[in-house]
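1. quick one, what's the 3D model for this:
(one chain, ligands or ions: 1)
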Amino acid sequence: MPELPEVESLRLYLVDQDIIGRTVVDVSADWPGIDNSEDGMGGLSQVRGRRLEGFRRTGKNLIARLDRGVLWMHMGMTGRLAVMYPADGPLKYARVTLYLDDERRIELDDPRRWAGVRYEESETGLLSGLGPDALDAALTADEFVCRVKKRRSPIKAVLMDQSVLAGVGNIYADEALHRAGIRPARRADQISVERLKDLHAAVKTSLLQSLRYIVDHPDERGRPFIIDAYDDRMRLQRKKGSTCPDCKTPLQTRKIGGRTSYFCPRCQT
Ligand SMILES: [Zn+2]
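-> Numbering: from 1, shown residues only. Okay, here's the model as predicted:
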């Protein structure tokens, strides 16, 4: 599933493709489920004639700013974006295509169809309820501690609470907690300020390391390849019988907030 690093790598890729400033001349959507809208594609026809002005990301939300309005995009379970040239055939699961004024096109490819795309007149209120992005430079260690420390829930659940911090999912929460040596079930308000600061650094390191890995392993066309999160860029191998990368103790699992946590009973206290 595309997590924050995958979505950020998509944003970097789009910026790198030199499409900012291009105008969307046409849109098509093959998307059963959004067909009960007036234009048969969830209002996406309003993007015609709009110029792309930039891309920003909060958590897993990708927002294309247009000269009027915005295009909100979420990659769901299997979505990804690709910039295609006239000679390229459409991607196998292209659901939404934006045709640009230089004959290139942006395709959203999504085998499982859980990605979302929506046009909005304004960015205001679009991401209300979301906390600051986990990689936002404005989110200082003190601000992180302040947001987390007043919670009485298990720290793992607090990390995954998108209203506290946007963009940390199950896997990266486990990675960061292991890196910081904190047990996922420990109550957030009972963790010292120093350890929470370590955790903030660990969250950023885990996400940035993964982002670097994705950027360094593009597909043959230079597009970010969505890699299964069970690969060797991760510290914790999320499977039966796996051991701690530091002390080789068998990892334990525990359900927190409905999600399975992997942790080392020795290194994490
Ligand atoms: Zn260990």
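2. can you pull the contacts of the residue of the stretch 101-250 of the chain found nearest the ion?
-> Per Cβ to the ion, C244 is where the stretch 101-250 of the chain lies closest to the ion, at 3.0 Å. Quick note: C-beta positions are derived from backbone N, CA and C, even for glycine. For C244, the contact set (Cβ atoms under 8 Å, 6 or more residues apart in numbering) comprises H178, P250, L251, C264, R266, C267.
3. list the buried residues in the helix or strand bottoming out on mean pLDDT in the chain.
-> Sorting the helices and strands of the chain by mean pLDDT, DSSP states H and E puts strand 116-120 at the bottom, at a mean of 88. Within strand 116-120, the residues that count as buried by 16 or more other Cβ atoms under 10 Å are G116, V117, Y119, E120.
4. now, which of those residues sits nearest P90?
-> Distance to P90, by Cβ to Cβ, is smallest for V117 among the buried residues of strand 116-120, at 16.2 Å.
5. got the residues of the stretch 151-269 of the chain near the ion?
-> Proximity of the stretch 151-269 of the chain to the ion (Cβ under 5 Å from the ion) is limited to residues C244, D246, C247, T249, C264, R266, C267.
6. residues near K156, how many?
-> Counted with other Cβ atoms under 10 Å, the neighbours of K156 add up to 26.
7. any chance you could list what contacts stretch 260-269?
-> By Cβ under 8 Å, 6+ apart, the residues outside stretch 260-269 that reach it are 156, 170, 173-174, 177-178, 181-186, 236, 238, 242, 244, 246-247, 249, 251-255.
8. now, the residues you listed that are in strands?
-> Q252, T253, R254, K255 (DSSP state E).
9. count of neighbours near the first one?
-> A count of neighbours around Q252, defined by other Cβ under 10 Å, yields 15.
10. which ones are touching it?
-> Contact analysis of Q252 by Cβ under 8 Å, 6+ apart lists Y262, F263, C264, P265.
11. L10 contacts G79, doesn't it?
-> No. Judged on Cβ atoms under 8 Å, L10 makes no contact with G79 at a distance of 9.1 Å.
12. which neighbours do these two have in common?
-> Both L10 and G79 are contacted by P2, under the criterion Cβ under 8 Å, 6+ apart.
13. so these two - more neighbours on which side?
-> Of the pair L10 and G79, G79 is the one with more neighbours under other Cβ under 10 Å, namely 28 against 24.
14. the more buried one: what's it in contact with?
-> By Cβ under 8 Å, 6+ apart, the contact list for G79 reads P2, M73, R95, L108, D109, D110, W114, A115.
15. for E53, see how far away the residue lying closest to the first one once chain neighbours are set aside is.
-> Ranked by Cβ to Cβ, 6 or more residues apart in numbering and with sequence neighbours excluded, the top spatial neighbour of P2 is M75, at 4.1 Å. As defined by Cβ to Cβ, to the nearest Å, M75 lies at a distance of 21 Å from E53.
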